[in-house]
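Engineer: I would like to see how this sequence folds:
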Amino acid sequence: MTSFQWNFDSAQPFCGAGIDAESPSRFVSALCEDHPFPFIFTKDEISFAKGSAEPAFSLCAAFCCKEALFKATGIPYNFTECELIELPKHKSVSLRLGKELREEAGISSAIAHISRTETEPSEVVAVVLTFRADGDK
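Structural biologist: Residues are numbered from 1 along each chain as shown. Next up is the predicted model:
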């Protein structure tokens, strides 16, 4: 993937964008552990990844979303406050954000566009857009 067009419609005002890319191979060894990286992934994310058709891809996508969200907000946060527990059927998915993260970052929601590069070795790319609730500044 060298470029893409992403059209979205939201009643909420756009706030920020971030992007991250990683190799799924980086996450293969972590799948042998019961709960790898407990400060990064929630138990729900681990369960989802291990039950998916491509566990390393699932963990990699979750990690990329967390990194891209950090870049979109510019605010350090507890990575377990952001969860990716489903892979998008049409490349875009809403992230589950904890209340503390939403309040601290001043966002109401975040959506991620997840794709794979066509190069070898393949990488997962996540672009995250954040939104404010109506009336927030």
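Engineer: list the contacts for the spatially most central residue of the chain?
Structural biologist: With distances taken as CA atoms, centre = their mean, the residue of the chain nearest its centroid is residue 65 (2.0 Å). Contact partners of residue 65, counting by CB atoms under 8 Å, 6 or more residues apart in numbering, are 20, 82, 84, 95, 112, 114, 126, 128. Just so you know, the C-beta spots here come from the backbone N, C-alpha and C atoms, and that holds for glycine as well.
Engineer: distance of it relative to residue 34?
Structural biologist: 22 Å (CB to CB, to the nearest Å).
Engineer: next one: residue 92
Structural biologist: Taking CB to CB, one finds residue 92 at 31 Å from residue 34.
Engineer: residues near residue 131, how many?
Structural biologist: 19 (other CB atoms under 10 Å).
Engineer: could you look up the SS state of the residue lying closest to it once chain neighbours are set aside?
Structural biologist: In this structure, residue 131 finds its nearest non-sequential neighbour in residue 12, 3.9 Å apart by CB to CB, 6 or more residues apart in numbering. Under DSSP: H, G, I helix; E, B strand; the rest coil, the three-state class of residue 12 is coil.
Engineer: check which helix or strand the residue nearest to the centre of the chain maps to.
Structural biologist: helix 55-73 (DSSP states H and E).
Engineer: strand partners (parallel or antiparallel) of the helix or strand just after that helix?
Structural biologist: Later in the chain than helix 55-73, the nearest helix or strand by DSSP H and E is strand 82-83. Strand pairing for strand 82-83, determined by DSSP bridges: strand 96-97 (antiparallel).
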